[in-house]
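Peer 1: Model the following, please.
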Amino acid sequence: MDIYTPIYEHMKIDIRMNLKARKVELKTRLDTPDISNLQKCVDFVQAFMLGFDVADAIALLRLDELYVESFEIKDVKTLRGEHLSRAIGRLSGKGGKTKFAIENATKTRIVIADSKIHILGSFANIKIARDSLCSLILGSPAGKVYSKLGQVSARLAERF
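Peer 2: Numbers count the residues shown, from 1 in each chain. So this is what the prediction gives:
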């Protein structure tokens with residue numbers, strides 16, 4: 001119901017799960033106010049399937065300037081075995097501390113699913129978060145990334 005209600009009642013888009021094809025099907029109705037609601041709903045369902053919370057994914061329906069970007073660790077650097085595990089550990093940090101610090105500094109949401117990374121946020125914020133995550137993958141210590149994040153987020157705050 002958390003997925004159905006915003007799509008069907010608020011965005012006025014029909015939704016159903018095709019069990020045979022294992023796909024979620026969306027289509028506009030006669031009372032759909034804007035055709036772009038269909039694309040917003042597709043982005044919402046995809047974000048939920050990637051692992052974002054329903055509350056975070058609903059932000060895609062409400063705001064126009066939100067995007068989801070995905071990349072793999074091997075896109076940044078080819079790592080195997082223990083090295084890949086250590087890189088994933090550096091990204092999340094102890095108890096998720098590093099991931100939450102990057103999320104809070106850049107106003108984004110990050111999902112680390114095995115070796116895939118998904119970032120939800122505005123275009124500029126995604127770029128900052130991606131740069132931080134890439135530097136962690138390449139081996140920089142978390143303290144160095146925190147200090148650079150502090151500088152960049154202070155510059156972002158000045159701009160607005």
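
Peer 1: Give me the phi and psi angles of residue 64.
Peer 2: phi -80, psi -30 (degrees, to the nearest 10).

Peer 1: burial measure for it, as a count.
Peer 2: Here the number of neighbours of residue 64 (other C-beta atoms under 10 Å) works out to 7. The C-beta positions use only the backbone N, C-alpha and C, and glycine is treated the same way.

Peer 1: what do you get for residue 54?
Peer 2: Using other C-beta under 10 Å, residue 54 has 12 neighbouring residues.

Peer 1: Where do the strands of this structure begin and end?
Peer 2: Using DSSP state E, the strands found in the chain span residues 13-18, 23-28, 67-72, 109-113, 116-121.

Peer 1: could you give the mean pLDDT of the fourth one?
Peer 2: The predicted model gives strand 109-113 an average pLDDT of 95.

Peer 1: Extract the CA atoms of that strand and return them as CSV.
Peer 2: Provided in CSV are the C-alpha atoms of strand 109-113 (Å, rounded to 0.1, in the frame of the first residue of the first chain):
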residue,chain,number,x,y,z
ARG,A,109,20.7,9.1,-0.1
ILE,A,110,23.1,6.3,-0.9
VAL,A,111,22.5,2.6,-1.3
ILE,A,112,25.4,0.2,-1.4
ALA,A,113,24.3,-3.1,-2.8
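
Peer 1: which outside residues touch it?
Peer 2: With C-beta atoms under 8 Å, 6 or more residues apart in numbering as the test, strand 109-113 has contacts from 50-53, 56, 88, 91-92, 99, 102-103, 117-121, 129, 133.

Peer 1: So which of those residues are in helices?
Peer 2: By the criterion of DSSP state H, membership of the contacts of strand 109-113 in helices covers 50, 56, 88, 91-92, 99, 102-103, 129, 133.
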